[in-house]
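Engineer: Whatever this is, show me its structure:
(chains A, B, C, D, E and F)
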6 protein chains.
Amino acid sequence: MFSVAVKDHIMIAHSFRGEIFGPAQKLHGATYIVTVQFKLAQLDEDGLVIDIGKAIAILKEVLTPLNYQNLDTLEQFKGINTTTEYMAYYIHQQISERVSSFFKGVLKVTLDESHIAWGSYEAEVK
Amino acid sequence: MFSVAVKDHIMIAHSFRGEIFGPAQKLHGATYIVTVQFKLAQLDEDGLVIDIGKAIAILKEVLTPLNYQNLDTLEQFKGINTTTEYMAYYIHQQISERVSSFFKGVLKVTLDESHIAWGSYEAEVK
Amino acid sequence: MFSVAVKDHIMIAHSFRGEIFGPAQKLHGATYIVTVQFKLAQLDEDGLVIDIGKAIAILKEVLTPLNYQNLDTLEQFKGINTTTEYMAYYIHQQISERVSSFFKGVLKVTLDESHIAWGSYEAEVK
Amino acid sequence: MFSVAVKDHIMIAHSFRGEIFGPAQKLHGATYIVTVQFKLAQLDEDGLVIDIGKAIAILKEVLTPLNYQNLDTLEQFKGINTTTEYMAYYIHQQISERVSSFFKGVLKVTLDESHIAWGSYEAEVK
Amino acid sequence: MFSVAVKDHIMIAHSFRGEIFGPAQKLHGATYIVTVQFKLAQLDEDGLVIDIGKAIAILKEVLTPLNYQNLDTLEQFKGINTTTEYMAYYIHQQISERVSSFFKGVLKVTLDESHIAWGSYEAEVK
Amino acid sequence: MFSVAVKDHIMIAHSFRGEIFGPAQKLHGATYIVTVQFKLAQLDEDGLVIDIGKAIAILKEVLTPLNYQNLDTLEQFKGINTTTEYMAYYIHQQISERVSSFFKGVLKVTLDESHIAWGSYEAEVK
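Structural biologist: Sure, this is the predicted structure:
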């Protein structure tokens, strides 16, 4: 199995609903360092899983509408706790839509929220 | 597949038995940076794999009796080489016991022993 | 010159005033990984610049009232742009107050806001 | 599943053929930080997946003929785009040959090409 | 003393002249992760040392003509060993020229050439 | 001011004397990731502060007699608390002795003891 991964980041505000979140129920924020990994069984004729430049551009396109936002105010997250693992899933969906026509493999999205915690979501692109 | 991971560390002394270990047969030590990753197919109703605060607390509880110890003198390691990969397995067992009642997924424990070497153990929680 | 440093983090929301900030004028957030470095010309009789455990406890005490907060709503930041470099200065002041009775050296506070940007403030403790 | 990993690096020049590579069609170069991960279901009688010292020595042996080279001029890469993912595959083959007599597990080779991009190849040792 | 730093990278080929360089006399290459730190005694009225977005843009402008190049073929490096420390100095000069009209402080440029070696140059902007 | 730095590591056991050390009074251990930085105002005729290969070799020579040792049993540390900051000072002395004949600059030695704590010593080579 081959894979290629690229990295970018967003800086967002949000709050959580539910007692389990304790002080994180208040409006706070995070820098998410986002790593997207593309996995494939075969290289193409250029020797690539995916062009790194293209991967960086798609990641940037997906992250731009989230960057510098209060996620609590965005339509797509109404009624949803935007936890690290959920955001990994959301970004996974957004990238899948953009690559499904030419990338038939597995996608893993990882969000580092600090030097001691991270979350991820991994699934085949459909 | 979703996952969430948290990190902490311990500083221990130990020695190894067996010629293969060369100079590491002498009493020496290590800082182990311990990452515990929880993997699950579904998020719960709060949008979580596991509460990060709870994960950090359980990891701390498991690491505290190991921290600042000479592993050679601890009852549970008698006759065992406390290699990085074995310690990953041991910590995996300790965490599994504490989360098995509420976490039905896969657990991966990784120990960084330096900037150039690490070991891990991964298995389902039973 | 000797030094010792310890690290912790906070997750905050805030916004900036001023055209120069572009999209960061909107309410957004950050994870700040905070490193506090203590510099001193001499070790004490125990061979220490400062006890690492004590340094970690003081840093935690200073960061707790900031963690999971919207800085825009805190009294001490009214009318102030809570930029990375300003927050380094603010945390420097808070730590200085708590260590000035026993630490007569230089303090440097660094805030990593992402994997590609950071800010710091360094000055003697008074 | 147990695993152990070690790290080293090479500094090489190369160029790519194909429009998709844009400016990387020119002769340029890279530092590749190479991580080799050995995965195995069981520890041996010493409590090891593989001896870390041996793993480091084998990795060094494989990397030495590549280090400080222009990959475009090496016989084994004639007609091949030495992309990050291809080089992970090539190094995987080289290590497999050297460990197949005594290591019956899975090998993963990861090459960090910068702080924002990496590639890997993973397969059973045969 | 306040400071702000930003990071980007280049991938270049080059060779060195002089026996001291051993195998690095051959054409090889490097990924340089470039950190530029701006140091200043006072924050401006916006609470900034320098706008991070502007700093990133200037760094990108300076690095673009170097990226994906064989440094041996560039006019400005004729007769010069483009060591890590020299390249830190060269990039320092290029950034100084672009910021000297509005930034009156100290600039430090650091180039990570691998996970185990780096070089830097630090001087006042003139 | 130019600088060049290289990195290696040691894995040691030790214990501390003094109530301030709490549980670290027991025999425990550490991985120290050791960074040695050489600072100089001028590059030599090869464009170097110091040859990186030579710097790595000297660092290895200094670290080898410490690696895999119980520092409590070494003659040179009798009656001394081998704290992180003291060990930075000790390694600084050892390297200074080996480079003073040809390197007339400043040396900084940093020891990372974990992902959240480090110590250093910096002084001119005499």
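Engineer: give the contact list for the residue of chain A positioned farthest from its centre.
Structural biologist: Within chain A, residue A:45 marks the point farthest from the mean C-alpha position, 28.0 Å out by Cα atoms, centre = their mean. By Cβ atoms under 8 Å, 6 or more residues apart in numbering or on different chains, the contact set of residue A:45 is empty. Every residue, glycine included, has its C-beta placed from N, CA and C.
Engineer: before we move on, what SS does it have?
Structural biologist: coil (DSSP: H, G, I helix; E, B strand; the rest coil).
Engineer: What separation is there between it and chain C?
Structural biologist: Distance from residue A:45 to chain C, counting by Cβ to the nearest Cβ, to the nearest Å: 33 Å.
Engineer: Give me the pLDDT for that residue.
Structural biologist: At residue A:45 the predicted local distance difference test score is 95.
Engineer: same deal with residue A:95?
Structural biologist: The model reports residue A:95 with a pLDDT of 98.
Engineer: Could you say which helix or strand holds residue A:62?
Structural biologist: helix A:52-63 (DSSP states H and E).
Engineer: cool, and residue A:7?
Structural biologist: Residue A:7 belongs to strand A:2-14 when assigned by DSSP H and E.
Engineer: ok, and does that strand reach over to chain C?
Structural biologist: Yes. Contact of strand A:2-14 with chain C (Cβ under 8 Å from any Cβ of the partner chain) involves A:7, A:9, A:11, A:12, A:13, A:14.
Engineer: Could you count how many residues lie near the last one?
Structural biologist: Spelled out, it's residue A:14. Neighbour count for residue A:14, taken as other Cβ atoms under 10 Å in any protein chain shown: 24.
Engineer: just the third one next, same as before
Structural biologist: Under the neighbour criterion other Cβ under 10 Å, residue A:11 is assigned a count of 23.
Engineer: Would you mind measuring from it to residue D:118?
Structural biologist: Computed as Cβ to Cβ, to the nearest Å, the residue A:11 to residue D:118 distance reads 23 Å.
Engineer: Over to residue A:4?
Structural biologist: Separation of residue A:4 from residue D:118 (Cβ to Cβ) stands at 7 Å.
Engineer: which residues are in contact with both of these two?
Structural biologist: Common neighbours of residue A:4 and residue D:118 (criterion: Cβ under 8 Å, 6+ apart): residue D:84.
Engineer: close to chain E, is stretch A:8-19?
Structural biologist: No. Counting by Cβ under 8 Å from any Cβ, chain E has no neighbours in stretch A:8-19; the shortest distance is 10.8 Å.
Engineer: residues in contact with residue A:89?
Structural biologist: Taking Cβ under 8 Å, 6+ apart as the contact definition, residue A:89 lies against A:109, A:121, B:2, B:43.
Engineer: In CSV: those, plus neighbour count.
Structural biologist: What follows is the contacts of residue A:89, written out as CSV (neighbours: other Cβ atoms under 10 Å in any protein chain shown):
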residue, neighbour count
A:109, 27
A:121, 24
B:2, 26
B:43, 17
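Engineer: which parts of chain A sit against chain F?
Structural biologist: A:115, A:116.
Engineer: And whatever residue of chain A ends up closest to chain D, how far from residue E:74?
Structural biologist: For chain A and chain D, the shortest gap (Cβ to the nearest Cβ) falls at residue A:47, measuring 3.6 Å. In this view, residue A:47 and residue E:74 are 27 Å apart by Cβ to Cβ.
Engineer: same deal with residue A:126?
Structural biologist: In this structure, residue A:126 and residue E:74 are 47 Å apart, going by Cβ to Cβ.
Engineer: Looking at these two, which has the bigger crowd around it?
Structural biologist: More crowded of residue A:126 and residue E:74, by other Cβ under 10 Å: residue E:74, with 15 against 9.
Engineer: pLDDT at that one, what is it?
Structural biologist: Value for residue E:74, per-residue pLDDT: 98.
Engineer: so what's it closest to, chain neighbours aside?
Structural biologist: Closest residue to residue E:74 apart from its sequence neighbours, by Cβ to Cβ, 6 or more residues apart in numbering or on different chains: residue E:66 at 7.8 Å.
Engineer: Export only the CA atoms of the helix or strand harbouring residue A:91, formatted as PDB.
Structural biologist: Per DSSP H and E, residue A:91 falls inside helix A:84-99. C-alpha atoms of helix A:84-99 as PDB (Å, rounded to 0.1, in the frame of the first residue of the first chain):
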ATOM      1  CA  THR A  84     -11.900  17.100  16.600                       C
ATOM      2  CA  GLU A  85     -13.000  13.700  15.400                       C
ATOM      3  CA  TYR A  86     -16.200  15.100  13.800                       C
ATOM      4  CA  MET A  87     -14.200  17.800  12.000                       C
ATOM      5  CA  ALA A  88     -11.900  15.100  10.700                       C
ATOM      6  CA  TYR A  89     -15.000  13.400   9.300                       C
ATOM      7  CA  TYR A  90     -16.400  16.600   7.800                       C
ATOM      8  CA  ILE A  91     -13.100  17.500   6.100                       C
ATOM      9  CA  HIS A  92     -12.900  13.900   4.900                       C
ATOM     10  CA  GLN A  93     -16.300  14.300   3.200                       C
ATOM     11  CA  GLN A  94     -15.300  17.600   1.600                       C
ATOM     12  CA  ILE A  95     -12.100  16.200   0.200                       C
ATOM     13  CA  SER A  96     -13.800  13.000  -1.000                       C
ATOM     14  CA  GLU A  97     -16.200  14.900  -3.100                       C
ATOM     15  CA  ARG A  98     -13.400  16.800  -4.800                       C
ATOM     16  CA  VAL A  99     -11.200  13.700  -5.500                       C
END
